[in-house]
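**Q** Pasting the sequence and the predicted model now:
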Amino acid sequence: MDIPATPRLLDILLIEDSPTDVMMTREALRENRMLNPLRVVQDGVAAMQFLRRDPPYTDAPRPGLILLDLNLPRKSGPEVLEEIKSDKNLAQIPVVVLTTSRAEEDVVRSYGLHANCFISKPVDFSRFVETIGSIKEFWFCVVTLPAQ
């Protein structure tokens, strides 16, 4: 299988409330030479405002991929996932649940809400960098995503 030499530069929306995890994700993207713009929101309410381009996000770009933590303030990750996948304007955006949870109930619930995949964050940074590299290769080089 031929993998494009240059990944598509679609925006990534990271929905994550932990500043440490945001920093690690930014660094892992850099380590993997990902030039995709990374947008970050820190809670579920802000995530839906961003995606629907409600104030203060009226000029927000439509992300090509969403990285979603499950444990969020104001509106949980599963609630956000359910809203995204039930909104005909947002449902086609791939959502990767990227969380510290390894609970089977979270996996089952996420797929039941139509997550595109579920990844438990490795605690080791080098493994996290590898995980982000796998996300890069699969979502930006291998699969065909719908036009924006």
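**A** It's in.
**Q** Might one say that Gly77 is in contact with Ile15?
**A** Yes. In terms of CB atoms under 8 Å, Gly77 counts as a neighbour of Ile15; the distance is 7.2 Å. C-beta: built from backbone N, CA, C; applies to glycine.
**Q** was I right about Ser110 contacting Leu70?
**A** Yes. At 7.4 Å, Ser110 counts as touching Leu70 under the criterion of CB under 8 Å.
**Q** before we move on, the earlier item: could you tell me which residues touch both of Gly77 and Ile15?
**A** Common contacts of Gly77 and Ile15 (CB atoms under 8 Å, 6 or more residues apart in numbering): 44, 68-69.
**Q** ok, back up a step: what sits in contact with each of Ser110 and Leu70?
**A** Each of 78, 97 lies in contact with both Ser110 and Leu70 under the rule CB under 8 Å, 6+ apart.
**Q** Leu29: what's it in contact with?
**A** 12, 36, 38, 132.
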